[in-house]
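>>> what's the 3D shape of this:
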Amino acid sequence: MILSIARPLCTVGLLFAATAAWADPLGEWRVADGTATIRIHRCGGALCGNVASTVSDPGKDIRNPDPRKRNRSVLGMEVLINMRPVAPNLWSGTSYNADDGQYYSTQLSMYGEALKISGCAPGGGPCGSQVWSRAP
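As a prediction, this is how the structure comes out:
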């Protein structure tokens, strides 16, 4: 009888420990090529990310599909939009890439102290991913 009670309690304890150990994507992240840092923060019930810094001159959003936004600096620009939790350690939403002026269907997932960003262009377009590291 004690063994049958101990197993579920042990399982619950392990699940709680695993939940407590899940990494949190909040904070600053260095993009894969090292050219920028993205600050991920809470925005309502979701996560958002803005360009916090760039290694060189931040430049303008010249490829934005909206001509009125093409003169804005990429510094401070929101690049991770409405990333909502969909499973433990997985967020789904939209990202914007100023390099090509495209919006992507995006997922974030944590792997220890690394953040994997996966995205696909709308309409079944090309997909890709990269791994970001925590900024010092």
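
>>> and Gln130, how many neighbours?
12 (other CB atoms under 10 Å). Every C-beta, even on glycine, is put in place using the N, C-alpha and C of the backbone.

>>> for the one 5 residues further on, same thing?
For Ala135, the neighbour count with other CB under 10 Å is 15.

>>> Leaving out sequence neighbours, find the closest residue to it.
Glu28 (3.9 Å; CB to CB, 6 or more residues apart in numbering).

>>> Pairing partners for the one you found in the sheet, please.
Counting by DSSP bridges, Glu28 is bridged to Arg39.

>>> now it: how far from Val55?
14 Å (CB to CB, to the nearest Å).

>>> Give me the below-cutoff pLDDT ranges for this protein.
1-23 (pLDDT under 70).

>>> in it, which spans are strands?
Using DSSP state E, the strands of the chain run over 27-30, 36-43, 46-54, 78-87, 90-97, 102-111, 114-120, 127-134.
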